[in-house]
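> Build me a structure from this.
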Amino acid sequence: MKRTLALFMALFAILFRPAFSSAQDYVTTAQDKAMAEKVLNLLHEKYLSARISGEPMETADLMVIAAKELIGVPYVAGTLDEDPLTEKMRVYLTKTDCILFVETCLNLARTVIQAGESSPSFNDFVSNIARTRYRKDPPYSYSDRIHYTTEWIRRQEGTLKDMTMELGGEINDHPISFMSEHPKSYKQLADADNIPRAALDLKAIEDVEKELNKVPMTQIPKARISSAAAGISSGDIICFVTTVAGLDISHVALAYVENGRVGFIHASQNDGKVEIDARTIEEYVSRRSNLSGIKVVRPL
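Numbers count the residues shown, from 1 in each chain. Next comes the predicted model:
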């Protein structure tokens, strides 16, 4: 059994070895790099200890540990758009928003598992972020970035599993079109009538929306979250489905199940930081008129 597991891990590392490592292709700070390396080393230590004890950790387990290490990190909107004229991949742990928080936890965990017994590296962490955030290798344009959470999930099929329908979900007739219908809300698209690059990006995003709409959207509606909660595990990615026309997901968090309570850890815009929320997932959704339900996505 151990030999089979070792062979699987070696194959996984080969297949998913990051190819992106050029320092000139991303923006970060010494503080962010140091923080990432600290969390990677902590996760690696716990991962190896768990393997020795015969109770190996999964991606979701490591994600929750990473999330707890990031508690208190400030919520800062728009960190990926600091320079709207140049699309650069930005790697920050000292500031975050909701989807970047989840993306960071996921890729910290993946980097550790891919490393196996070797020390996880910051460059490999950056490579994993590139895989989940962009559709192609650099140099990037704005439309190369994955903007919709729905696409972010679907492009990772095989390493993420959408559990929504298994947990009592239903088809949600809610087509995606928000970015193409509100280009003025985005600095990179606002002047598409006059700037060729912006026009190209807007057209590319319209094409992405059309492709996404070929597959039905799904959700667990508010009324079914209570019954679905028993099937939610710590580390599951919780996507809060919005009622806003054209938009798919308005908030993302990590499920945190403790003593039977199905809560969540997230980067809260209201409280301005990463925190373990005082509410359960059901309570959070039920009190918000702009949410229709949730999606549950499980890291594999």
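> contacts and neighbour counts: CA atoms only from here.
Noted.
> residue ranges of the helices in the chain, please?
Assigned by DSSP state H, the chain shows helices spanning 2-15, 30-52, 59-69, 98-115, 122-133, 149-154, 178-181, 196-212, 225-228, 281-286.
> So which of those helices is the most surrounded?
Of the helices of the chain, the one with the most neighbours on average (mean count of other C-alpha atoms under 10 Å) is helix 98-115, at a mean of 24.
> Which neighbouring elements make contact with it?
Packed against helix 98-115 by the contact rule (3 or more C-alpha pairs under 8 Å, 6 or more residues apart in numbering; DSSP states H and E) you find helix 2-15, helix 30-52, helix 59-69, helix 122-133, strand 249-258, strand 261-268.
> let's see 7 Å
helix 30-52, helix 59-69, helix 122-133, strand 249-258, strand 261-268 (3 or more C-alpha pairs under 7 Å, 6 or more residues apart in numbering; DSSP states H and E).
> sorry, back to before: so which of the helices of the chain gets nearest Gln188?
For those, proximity to Gln188 was assessed by C-alpha to C-alpha; helix 196-212 is nearest, at 6.0 Å.
> so Ala253 makes contact with Gln269?
No. Counting by C-alpha atoms under 7 Å, Ala253 does not reach Gln269; the two are 11.9 Å apart.
> Make a markdown table out of the helices of the chain and add distance to Val91 and mean pLDDT.
Converted to a markdown table, the helices of the chain look like this (distance: least, C-alpha to C-alpha, whole Å; pLDDT from 0 to 100):
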| stretch | distance to Val91 | mean pLDDT |
| --- | --- | --- |
| helix 2-15 | 22 | 40 |
| helix 30-52 | 7 | 98 |
| helix 59-69 | 16 | 98 |
| helix 98-115 | 9 | 98 |
| helix 122-133 | 7 | 97 |
| helix 149-154 | 17 | 98 |
| helix 178-181 | 24 | 98 |
| helix 196-212 | 22 | 98 |
| helix 225-228 | 34 | 98 |
| helix 281-286 | 28 | 98 |
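> nearest to Leu80, of those helices?
So among these, helix 98-115 is nearest, using C-alpha to C-alpha, at 9.3 Å.
> what comes into contact with that closest one?
12-13, 40, 43-44, 59, 62-63, 66-67, 120, 124-125, 128-129, 251-254, 266-268 (C-alpha atoms under 7 Å, 6 or more residues apart in numbering).
> Same check on stretch 60-77?
39, 43, 94-97, 105-106, 109, 234-236, 267-269, 272-275, 299.
> repeat for stretch 195-211
Contacts for stretch 195-211 (C-alpha under 7 Å, 6+ apart): Tyr142, Ser143, Ile176, Ser177, Ser180, Gln188, Leu189, Asp191, Ala192, Asp193.
> at 8 Å instead, please
Contacts of stretch 195-211 with the rest of the structure, by C-alpha atoms under 8 Å, 6 or more residues apart in numbering, involve 141-143, 176-177, 179-180, 183, 188-193.
> can you check stretch 43-55 too?
Taking contacts as C-alpha under 8 Å, 6+ apart, the residues outside stretch 43-55 that touch it are Pro56, Met57, Leu62, Ile65, Ala66, Ala109, Val112, Ile113, Glu117, Ser119, Pro120.
> and the last one, what is it in contact with?
With contacts defined as C-alpha under 8 Å, 6+ apart, Pro120 is in contact with Leu40, Asn41, His44, Thr111, Val112, Gln114.
> Could you rerun that using 7 Å?
Leu40, Thr111, Val112.
> Could you chop this protein up by domain?
Following the assignment in automatic domain parsing, the chain carries domains at 2-147, 160-299.
> hang on, the earlier thing: can you say which of the helices of the chain is nearest to Ser292?
helix 281-286 (7.6 Å).
> who does that closest one touch, helix- and strand-wise?
strand 261-268.
> Pull out the buried residues from the strand it packs on.
Neighbour counts over strand 261-268 (16 or more other C-alpha atoms under 10 Å) mark Val262, Gly263, Phe264, Ile265, His266, Ala267, Ser268 as buried.
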